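Colleague: Structure for the following, please:
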Amino acid sequence: MLSKKLKELQAARDRLASLEKTMEAELAALPAQFGFASAQAFADAVVKASAAGTRQARKAGRRKGAVKPKGKRKRSVVTDELRTQVKQLAEAGQTGSEIKAATGLSLPTIQNIKKAFGLVKTRAAS
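Modeller: Just a heads-up that it's a prediction; the model follows:
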């Protein structure tokens, strides 16, 4: 009875050794299979990929106090009519915020339109 158990144990150890050799060969071929020159380059890529999904990695990209966007905002379509309206409002002496309220354009867009029409004061060289 005991000798039968010992034979089973030895067979299991032999099978384990065989599986370990097979696994070593498969693991050694893995970096080349995915296009990496070395096992270290492959391991570095795996670590980097696994860290990219972590909460800490996602937080690292955000500024402190930044507001998380609630979806993709709609981009404004600036037509010739809007440009003319911005020009007229700027020539009438309205501020950028007032023009923004009237047209729905962003302040940088309004500033770019005013600059294109030459309605922006240039800074004096010091």
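
Colleague: CA atoms for contacts and neighbours, from now on please.
Modeller: Fine.

Colleague: which element follows the helix or strand of the chain with the lowest mean pLDDT toward the C-terminus?
Modeller: Least confident helix or strand, the chain: helix 55-60 with a mean of 56, by mean pLDDT, DSSP states H and E. With elements assigned by DSSP states H and E, the helix or strand that comes after helix 55-60 is helix 80-91.

Colleague: Show me the chain divided up by domain.
Modeller: Taking automatic domain parsing as the reference, the chain has its domains at 10-57, 80-116.

Colleague: Need the winner for burial among those domains.
Modeller: domain 80-116 (a mean of 15; mean count of other C-alpha atoms under 10 Å).

Colleague: Report how far apart the opening and closing residues of that domain are.
Modeller: Taking C-alpha to C-alpha, to the nearest Å as the measure, domain 80-116 stretches 12 Å from start to finish.

Colleague: average pLDDT across it?
Modeller: The average pLDDT within domain 80-116 is 92.

Colleague: Show me how far it is from its chain's centre.
Modeller: Relative to its chain's centre, domain 80-116 lies at 33 Å (C-alpha atoms, centre = their mean, to the nearest Å).
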